[in-house]
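S.K.: Quick one, what's the 3D model for this:
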Amino acid sequence: MRLIQVAQQAHNLQRAAEFYAQLLGVQPVAVYDPPGLLFFDLDGVRLLLERGAPSSVLYLEVEDVRTSIGVLQGRGVEVVALPQVIFHHGDATLGPAGTDEWMAFIRDSEGNTVGLVSRHPPAVVPDAAPV
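M.R.: Below you'll find the predicted structure:
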């Protein structure tokens, strides 16, 4: 079994399309309006932004969460929680063994919370300089 689709609430499809295109670095693959559906392809997993969907929390892997937050703050995106180490992977059960998992949270254009995640060796503190 593999994950095929995740749905997230979007009140305004155009606004959501612009926000997620910038966040993900890809354009939507399909829009059906009506009934109010917007799709992105994330390496074979569909992200569905839908007017009728409930709000959920998405967790997206980024190369460096601190850099990403700096870039997003520069664009005026609301940061809900600043980057911090939330877990050390002592083994490979939930991530690469020997890495620290960094996480931060932002608010998307539709009011949903989105988690940004990156993993780094403990001795490496990611550079916060925007790209």
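S.K.: Helices along this protein, start to end?
M.R.: Assigned by DSSP state H, the helices in the chain fall at 13-24, 65-74.
S.K.: got CSV for these, with mean pLDDT and mean neighbour count too?
M.R.: Any C-beta I mention is one placed from the backbone N, CA and C, and that applies to glycine too. Below are the helices of the chain laid out as CSV (pLDDT from 0 to 100; neighbours: other Cβ atoms under 10 Å):
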stretch, mean pLDDT, mean neighbour count
helix 13-24, 98, 17
helix 65-74, 97, 19
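S.K.: Need those helices in JSON lines (columns: distance to Arg51).
M.R.: What follows is the helices of the chain, written out as JSON lines (distance: least, Cβ to Cβ, whole Å):
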{"stretch": "helix 13-24", "distance to Arg51": "7"}
{"stretch": "helix 65-74", "distance to Arg51": "24"}
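S.K.: and of those, who's closest to Pro122?
M.R.: Proximity to Pro122 (Cβ to Cβ) singles out helix 65-74 among the helices of the chain, at 14.9 Å.
S.K.: Could you figure out how far that closest one is turned away from helix 13-24?
M.R.: 140 degrees (axes from the mean of the first three to the mean of the last three Cα atoms, to 10 degrees).
S.K.: counting contacts, what elements does helix 65-74 pack onto?
M.R.: For helix 65-74, the packing partners by 3 or more Cβ pairs under 8 Å, 6 or more residues apart in numbering; DSSP states H and E come out as strand 79-89, strand 99-107, strand 113-120.
S.K.: Would you mind giving these as TSV with mean neighbour count and distance to Gly25 added?
M.R.: Output for the helices and strands packed on helix 65-74, formatted as TSV (neighbours: other Cβ atoms under 10 Å; distance: least, Cβ to Cβ, whole Å):
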stretch	mean neighbour count	distance to Gly25
strand 79-89	14	19
strand 99-107	19	15
strand 113-120	19	13
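S.K.: Relative to Asn12, which of those is closest?
M.R.: The nearest among the helices and strands packed on helix 65-74, by Cβ to Cβ, is strand 99-107 at 14.4 Å.
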